[in-house]
Structure formats: C-alpha cells, structure tokens
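Student: next comes the sequence, and after it the predicted model I'd like to discuss.
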Amino acid sequence: MGLGGSWDGEPLSAGDVAAAEAAVQAALDVGITMFDHADIYRNGKAEAAFGEVLSRSAGLRERIVLQTKCGIRLADGDRPGIYDLRGRSIVQRVEESLTRLRTDVIDVLLLHRPDPLADPADVAKALMSLHEQGLVRHFGVSNMNAAQIDHLQAHLGVPLVANQLEMSLHRRDWCEAGVLVNTPEAAANGFPAGTVEHCWRNEIALQAWGPLAQGRFTGREETATERATAQLVAELAAEKGTSPETVVLWWLQRHPAGIAPVIGSANPDRIRACRDAVQREPELTHEEWYRLWITARGEALP
C-alpha cells in the first residue's frame, strides 16, 4: 500500500518508482518473494509503480509470487465508497490490475471484502472464467469468516487458498475469541468464532495484514500497556540477537496455524528489520509467547 506516492490524482513520478525499486530490492535481499497488492492502493498507483519495477528488472516476474485484491470501490464525487463483487466488476478490475502490473497473469487474486449484494454463483463464474483464460492462477478472500468462505467455495470449481485478516499482537481478537468462550467478555470480542480453525483445517493460508501493528511495539508506543509490551519485545529481541520487528512477527508465526505476516511497509530499513522472520524459525518459547500476549492485553487471562 505504501508504494506509488500520494493518494491524490497526481501521476506517478520518477521518485515514486525509485522508492518502489528500493522497497522491492530490500524485500528480495532478505528473502521475501511474495508481494501483496490491491487495485485501490494509492488509487492504482501502487500497482503501477510495481509494474514499472517489473518492466525494468529482467527475470524478476518469474522469481516472485504476485498477489492482488479487488472488490472495494473508493468514494468518487457524490458516490460513497462501496463494495462491489459483481462478476463483471471483478473481471474489469482484474484486467485493469494486469495492465498496471505489466504482467500476463496474477498468481493469487483475493476478494478484498465481503459484498452483501454479491451472488456467489455470479462471483464464481467470473473467477472460473479468469482462471480458464490463464489470467489468474489461484483465488482467496480477505476479511471473511468461515461461513462466507464456505458459501463461496460451494460454487467454485477450484479451492480458495488464502484468507487475509488483520492479525497482530495489538489486534488479538482472532486469538482471544478462542479463550473467551463462556466468559462475560465473549460477546464484546466480535471475531467470528471458528474462522481460524476453518482455514487451518481446509489448508486456506492465513495471511496477517497489519502484523507490525503500525509500530505500536517498535517505537510508536502511546499507552502504558504498549510501552510495557515494547519493553518486553526489546528485551526478547536483545536476548535472541534479532530486531523488535522480528519478535512481533514471530508472535504470529509461532501459532501452529502457520500465519504468514504481510508486513506492509515500503520503508527499506523496516523491511530489512523483518529479515529474521523470513530466515529463522520463530524462537519464542511457550512461556515467552504467553508473556507477550498477556502483557499486550494488559491483564491476566480468564
């Protein structure tokens, strides 16, 4: 999302492309080879900047996995922002993304958010058409619960391979939903119970967006709880010879469901700080994982 400069209507600049090149190179340097986009990021300029990088880098497309999303339409004049998963809209958005990304095929297409007006049969027909034409290899969803995934999968001739959800040491409702059962706090949690387990059981990869929690535990602490958590993160990082960013990501990666963080940053230094989350297995003990969780929640477990 950070690629492509501003969100306004200004055209892509040489500086925007240079910044994208630096971010992509930093990712490749640490072993990251999957890149996540959405058609709306920077009003399309994020995809366009990345496409320019691809066009300048011979052989790069064959070395990476390219993922993008569609299904959100930003506000435009008097029209508010809406969700749009009509089949014809999906096809149009994919064609536009392919043009901006300067590629012949998208490896993974995610449906960005649920559209209450979407007909799953219509959605599936569009997806299968894109698949049969060789324009999209795999499909997934984002911000969907188990029932929504099942409802779409029942109409789709290929398996959904991913569900991207906000998951982090700050956004812990996905984890807490499972331990707040039969407690007064359960109703306030809101996360759809069983979604993590459904994805895990059906080999739908869980992708975590916002996994660094906007830096809340690595330099942008605002509350006493965040400061206490950041201190613990820093202590564990020092003990294990890694960065605080890695410890925050390890907390997600330590979960047995195999959560894959989508780090989201376009800052080369911040990308490099995540190196050990790519190159080393999570080195958190059972007790350390729980210490991080309890400290971040600011109170003991029920």
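Tutor: Structure received.
Student: only C-alpha atoms for contact and neighbour calcs from this point on.
Tutor: OK.
Student: from what I can see residue 152 touches residue 122, true?
Tutor: No: the criterion here is Cα atoms under 8 Å, and residue 152 misses it with residue 122 at 10.0 Å.
Student: and the helices in this structure?
Tutor: Secondary structure of the chain (DSSP state H): helices at 14-30, 45-56, 60-63, 87-101, 120-132, 146-153, 173-176, 186-189, 195-201, 224-240, 244-253, 268-273, 275-279, 286-297.
Student: per-stretch mean pLDDT over the ones you listed, give me the minimum one.
Tutor: If you rank these by mean pLDDT, helix 186-189 sits at the bottom with a mean of 88.
Student: which residues touch that one?
Tutor: With contact meaning Cα atoms under 8 Å, 6 or more residues apart in numbering, helix 186-189 is reached by 173, 176-177, 180.
Student: what's the burial count for the closest residue in space to residue 198 that isn't next to it in sequence?
Tutor: Distances taken as Cα to Cα, 6 or more residues apart in numbering put residue 146 closest to residue 198, at 6.0 Å, once the chain neighbours are dropped. Using other Cα atoms under 10 Å, residue 146 is surrounded by 16 other residues.
Student: about what we covered before: tell me the one of the contacts of helix 186-189 nearest residue 206?
Tutor: Taking Cα to Cα as the measure, residue 206 sits nearest to residue 173 out of these, at 14.6 Å.
Student: dump the residue contacts of the closest one.
Tutor: 167, 189-191 are the contacts of residue 173 under Cα under 8 Å, 6+ apart.
Student: looking at the helices of the chain, which is nearest to residue 4?
Tutor: Per Cα to Cα, nearest to residue 4 of those: helix 45-56, 4.3 Å.
Student: now rank the contacts of residue 173 by neighbours and give me the top one.
Tutor: Per-residue neighbour counts (other Cα under 10 Å) across these peak at residue 167, which has 24 neighbours.
Student: if we can go back for a sec, and the contacts of helix 186-189, which are buried?
Tutor: Using 16 or more other Cα atoms under 10 Å as the burial test, the contacts of helix 186-189 include 173, 176-177, 180 as buried.
Student: between those residues, which sits nearest residue 263?
Tutor: residue 173 (18.8 Å).
Student: distance of that closest one from residue 165?
Tutor: The gap separating residue 173 from residue 165 is 11 Å, by Cα to Cα, to the nearest Å.
Student: quick check: domain ranges of this structure?
Tutor: The chain breaks down into these domains under automatic domain parsing: 1-166, 169-302.
Student: one step back: name the nearest of the buried ones among the contacts of helix 186-189 relative to residue 209.
Tutor: residue 173 (13.7 Å).
Student: understood, closing this out.
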